[in-house]
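Chemist: Provided below for reference: sequence and predicted model.
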Amino acid sequence: MKRWRLLLPMLICILATGCWNRVELNDIAIIAATGLDWKDGKWVVSYQVVLPQAISTQSASTSTAAVHVFSTKGESIRSAVSKASQETSRRLYFSHTQIVIIGQDAARKGLGPLLDTYLRNHDSRETVNVFLSKGSARRMMEQLIPLEKIPGAAIQRMINNEEMNSSTFHQMTIHKILLDLLGTTQATGIPGLVVSGTNESVDNAGQLAYTSTPSKVRLFDLGLISGDKLVGWISNEESQGVMWLANHVKKTTVPFACSEDKSEQKLSSIRITHASTKLTPRHSSGKWLMDVSVTATGTLMEYNCEGDLTNPKQIVKLQKRVEDEIVAIMQKGWGAVSKYKTDVIGFGSTIRNKYPKQWAETVASWSEEFPNIELKLKVKVNLNSTGMSGSGFKKAQEKDDL
Amino acid sequence: MNKQNTGRLTTFSPSLHANVKTIRDCFGNSTDIVIRMFRSDAAPEREIAIIYVDGIVNSQIINESVMEPLMSMRLPQHAHVKGSKLLEALRSCVVSIGSVQSVNTLEHALQYMTDGLCVIMADGSAEALTADVNGGEQRSVTIPQTQTVIRGPQHAFVESIQTNISLVRRIIRSSDLHVQVHKIGQQTHTNVAVLYLHGVADEGIIKEVYRRLAAIEIDGVLESGYVEEFIQDETFTLFPTLSNTERPDAVAAALLEGRVAVMVDGSPIALMAPTTFFTFFQSPEDYYQRYDIASFVRIIRYGAYVISILLPALYIAVTTFHQEMLPTTLLISLAAQREGIPFPGLVEALIMEITFEVLREAGLRMPRAIGPAISIVGALVLGQSAVQAGIVSAGMVIIVSFTAISNFVMPEFNMAATSRIIRFLFMIMAGIFGFFGIFISVMLMLIHLVSLRSFGVPYMSPLAPGPTKQGPWRDVFIRLPWWAIVLRPLDLNLRNPKRRPNGKKPPTQRHSDKA
């Protein structure tokens, strides 16, 4: 009997305290992408809400867009978000947000407020990919993308594809940005997005019925962040160089010319399948030197030069050509970042790790010292296969003439 | 004999007519009591009566082996034997039945009659003879209905305890197989047999089984379930602490492991004790088919058990509390299914689960002819229309169906029934607290499981408390080849723990290599 008397208060506790944070799937608005703009002294937060009905296999029709985009304004980011309840029927659900797009103006104003909300709130994940937008973030989110129903997810997969296949950009999540900006050098690079093509935007699902769209979203330029503000953009080629320096290259294709003549067209290319970069800082007579040693393995993809590829000497020559090419790419990247005096490569942290004492003296003037670092670039390329052909099509044709 | 009657036993009177009258009165002049009185040529002055209950005896045996010899008997010199000597003479010279006993009290005679024995009485003798002429209508041994196997013996127990014991004896042909029969039930006097393998089963456990059986006081025992509820260790638990089977080979296997079997007359289900949690995951077929397949299937069974108790609860918790845990694509797909569903996830799941339980119960109870109608209603109405009508989501139908199917993987029905109740508790906890509730419930379930005992053996052994030797593991989660299972389950505290001499595989010879 006593046992049952004890059970009663327990039951009351369960009934009184349970279910408080229960939320049904049809009470939430799943947000695939968030946009952040700075306009007339206010934060404009844009949301790309997934419409589950439009995606479900049972009732999906191709003529309706799978997402709905709307924006709210506020003095602070979260106050703008809280205003969303004035215009939507469901609670905004941020846990499944795939990407965050930050408009150029907002990025120049500073990422601090955004990063703070991510650090503070449990419903926003630090694994979301962050992009900068050349135009307004809202414009970027309205753009439909073929193949994927949800544009937010499409952009997320785009950067993933890019990182895995050509490594011009590196996936930047909130987590990585926080690591960089709270780290030694307080600088980072975030890939940029741009709507290319005509001014006509693809915001109607009907437009996807055509074989091509008038405009499309593409990855374009790397935005350099110093402190928490956008300081400048560097081009895709320069960004590739930065990726080589920062050991972010996974797989990429390097085109090269037959001779060292710079004006010659780069008719051949090698596919890098594995690459790693090692940075070794050195200090000599008040100047910082950086030994950059790159080792890369690749396969020949395209070859339109002379020379017998069955001869190992020719292969060594060819590797030398590719090495020079990679050095040139890195120098280009280095030139761009040193101009903006932002250490997105992470030289500062390697120095700090190796020479903590000297670093303490340098840290204050690091942005001044950084462009003066002398780079010693050393690249070792190992061509492990020339593909399924030996000397190539042209050689084979010449042989037939005999 | 039950206890109440032992106090006042009535002895027979020398007068046959008085005795016959008493017996007839005791049965209230029941019409199925056959009393045949006659005089034999050998002892014409002494009337002889044969009394039996019609229908539970084999009348052919009575006619051929009792009536016929009695009526045509030729007693030698000491023909005109007096008093009980006549009965002694009948027993030794006339009645051609294997089991003949003499009784001298009315109560014993009545008891034997209801057991299907016939009573032979003679005038002038205050004694009676009983002859075992047990018989009557009986179901023949058929294939198992609930515990079917593809490979293995295909016979099952029937309602007759004699047949059932004989089925086990035919498998274990050893004098070490001991059988003790008790009578339980003041009215039914049901035979309850205890079977064990002498020298293998633990004496303490056998004694405990006897002690618990002796303590049963009830008017009738109709099925082994009655006995199970009296002798199980814990009443307030969802988990069965005795396993049951309708297969003689399963009983034989249990006896060889050192367990004790309890059989109840009138029930084709035998009980086996002690039982651990893991024995419920072992099907007889695990031991008949190849060990690798058996191990694979057994792992599937453990997985299916977890699914059958947890899957609906996990679904409720994930979709109503922890949406962030789902992959985005799956979440969107589930959200699309839930559009327009009026009920919360928990209610939706309860509706489907209860509908399934009703369907299952209806399918079990209804006349066989209506079966197809119910399956059409079940498949169409629930599977499709409920989704189309927007009462439940398609995902929920999948979850509930898969859970239901997983439940049928369990080889033993009582454990499967347990998981159905636990599932509901888990679902409610998940609906109130999400994963937190599931976590608490699973913890409570594990705490409860390790607290259980079956005839002194920890329910979760050999998992908890841990085994002392590696032996028991060889037949818990997977089954090793037979030659590797050297030891009987050590949790039974056996005097004779070894099944076979050593752990080595018997050598094989390749004749073809040498040739």
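Modeler: Now that the structure is in, tell me what you want to look at.
Chemist: below-threshold pLDDT in the stretch 51-200 of chain A: ranges please.
Modeler: Residue ranges of the stretch 51-200 of chain A with pLDDT under 70: A:56-62.
Chemist: now the helices for it?
Modeler: Remark: helices assigned in the stretch 51-200 of chain A by DSSP state H, counting those that start in this stretch are A:52-55, A:77-82, A:104-109, A:112-120, A:137-142, A:151-165, A:174-181.
Chemist: so which of those is nearest chain B?
Modeler: Closest approach to chain B among the helices of the stretch 51-200 of chain A is made by helix A:52-55 (3.6 Å; Cβ to the nearest Cβ). Bear in mind the C-beta positions are built from the backbone N, C-alpha and C, glycine included.
Chemist: and whichever residue of the stretch 401-515 of chain B sits closest to chain A, what is it in contact with?
Modeler: Nearest residue of the stretch 401-515 of chain B to chain A, counting by Cβ to the nearest Cβ: B:I432, 3.4 Å away. With contact set as Cβ atoms under 8 Å, 6 or more residues apart in numbering or on different chains, B:I432 has these partners: A:14, A:18-19.
Chemist: those: which ones sit near chain B?
Modeler: Contacts with chain B are made by A:14, A:18-19 out of these, judged by Cβ under 8 Å from any Cβ of the partner chain.
Chemist: can you flag the buried ones in the contacts of B:I432?
Modeler: A:18-19 (16 or more other Cβ atoms under 10 Å in any protein chain shown).
Chemist: which one of the contacts of B:I432 sits closest to B:I143?
Modeler: Lowest distance from B:I143 to those (Cβ to Cβ) belongs to A:I14, with 48.4 Å.
Chemist: check the secondary structure at the closest residue to that closest one other than its chain neighbours for me.
Modeler: Once flanking residues are discounted, A:I14 sits nearest to B:I432: 6.1 Å by Cβ to Cβ, 6 or more residues apart in numbering or on different chains. Here B:I432 is recorded as helix under DSSP: H, G, I helix; E, B strand; the rest coil.
Chemist: would you mind measuring from B:I432 to A:R3?
Modeler: Here B:I432 is placed at a distance of 21 Å from A:R3 (Cβ to Cβ, to the nearest Å).
Chemist: now A:F370
Modeler: Taking Cβ to Cβ, one finds A:F370 at 72 Å from A:R3.
Chemist: which bits of chain A sit near chain B?
Modeler: A:14, A:18-19, A:21-26, A:28, A:30, A:32, A:50, A:52-53, A:55-59, A:93, A:95-96, A:98, A:123, A:125, A:150, A:153.
Chemist: residue contacts, residue 176?
Modeler: Since you didn't name a chain, this refers to chain A. Contact analysis of A:K176 by Cβ under 8 Å, 6+ apart lists A:T188.
Chemist: oops, I was thinking of chain B
Modeler: Neighbours of B:D176 in contact, by Cβ under 8 Å, 6+ apart: B:197-200.
Chemist: need the pLDDT of the residue in the stretch 151-300 of chain B that chain A sits nearest to.
Modeler: Proximity of the stretch 151-300 of chain B to chain A (Cβ to the nearest Cβ) peaks at B:F236, 10.2 Å away. The model reports B:F236 with a pLDDT of 88.
Chemist: tally up the residues packed near it, please.
Modeler: 5 (other Cβ atoms under 10 Å in any protein chain shown).
Chemist: surely it forms part of a strand?
Modeler: No. Per three-state DSSP, B:F236 lies outside any strand segment and is coil.
Chemist: returning to what we had before: now, the contacts of B:D176 that are in strands?
Modeler: B:L197 (DSSP state E).
Chemist: any idea which element A:V379 lies in?
Modeler: strand A:374-385 (DSSP states H and E).
Chemist: can you list the strands that that strand pairs with?
Modeler: Sheet pairing here is set by DSSP bridges, and for strand A:374-385 it gives strand A:287-302 (parallel).
Chemist: list the buried residues in the partner strand.
Modeler: Those would be A:288, A:290, A:292, A:294, A:296-298, A:300, for strand A:287-302 by 16+ other Cβ under 10 Å.
Chemist: now swap in stretch A:160-175 and tell me
Modeler: So for stretch A:160-175, counting by 16+ other Cβ under 10 Å, buried means A:162-163, A:166-174.
Chemist: how about residues contacting it?
Modeler: So stretch A:160-175 is contacted by A:100, A:115, A:118, A:124-131, A:159, A:188-191, A:219, A:222, A:236, A:239-240, A:243, A:246, A:248-253 (Cβ under 8 Å, 6+ apart).
Chemist: tell me the mean pLDDT over the longest helix seen in chain A?
Modeler: Secondary structure assigned by DSSP state H gives helix A:312-340 as the longest helix of chain A. Averaged across helix A:312-340, the pLDDT comes to 92.
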